[in-house]
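[1] Coordinates only, no sequence provided:
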């Protein structure tokens, strides 16, 4: 196996705890109401459109036409988006810092809206530790589309055989493997540390 010298990180639920429930539990009386709203109105497909580059103003307008009775709750997704951030996943950030100290090349590949990513960038200092990044909302492509992986490889001149990608979603890991990148599915920081130790990265 060729020694790995480059690590690509997903952000949400790998380095940063993000969950819309943190916000909507403040706006509904019961968890059942929260789950219904997130499954039927502001669902994953709707959020993914913004990760793909759609402006929140457009997404909120379109969704509010169909659910006018929930317009304020729909607007809250963007207006109070920062309240969905639970904070850094500290043990993962510690691993990131160790990789940085060892001068491992570090990159971000994340499905994230171009409009909300700057909020995270301002809040979390460790996002400045990376050597480069691709945010899906900025390029109009989302994981697991192979083109976003190819774009990262091309933009930063990466050798896939020397690169590992860490993501919490299995479909994103499978896509990375299709372009020749070694994949680690994130479950928790303890397992991630063991996986990276096996690769002799920490």
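    Thanks, I have the structure now. The model shown is predicted, which means the values in this text are computed figures rather than measured ones.
[2] CA only for contacts and neighbour counts going forward, please
    Fine.
[3] Report the secondary structure state of residue 8.
    When classified by DSSP: H, G, I helix; E, B strand; the rest coil, residue 8 comes out as strand.
[4] How is the protein partitioned into domains?
    Under the assignment automatic domain parsing, the domains of the chain span 6-17+86-198, 19-84.
[5] Can you give me the first-to-last residue distance of the last one?
    Across domain 19-84, the straight-line distance between its terminal residues is 5 Å, by CA to CA, to the nearest Å.
[6] What of stretch 12-20?
    From start residue to end residue, stretch 12-20 stretches across 12 Å - CA to CA.
[7] Give me the contact list for that stretch.
    For stretch 12-20, contacts defined as CA atoms under 8 Å, 6 or more residues apart in numbering pick out 77, 81, 83-90, 92-93, 110, 166-168, 186, 188.
[8] In strands only, show me the residues you listed.
    Cross-referencing those against strands under DSSP state E gives 85-88, 110, 166-167.
[9] Give the buried subset of the residues you listed as a PyMOL selection command.
    Selection of buried members from these for PyMOL, criterion 16 or more other CA atoms under 10 Å:
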select buried, resi 85+88+110+166+167
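[10] Could you find the closest non-adjacent residue to residue 95?
    Distances taken as CA to CA, 6 or more residues apart in numbering place residue 193 nearest to residue 95, at 7.0 Å, with adjacent residues excluded.
[11] how close does that neighbour sit to residue 93?
    Distance of residue 193 to residue 93, given as CA to CA: 11 Å.
[12] Most remote residue from the middle of this protein, which is it?
    In the chain, counting by CA atoms, centre = their mean, residue 69 sits farthest out from the average C-alpha position, at 30.4 Å.
[13] Just read off the phi/psi values of it.
    As for residue 69, its main-chain torsions (degrees, to the nearest 10) stand at phi -70, psi -10.
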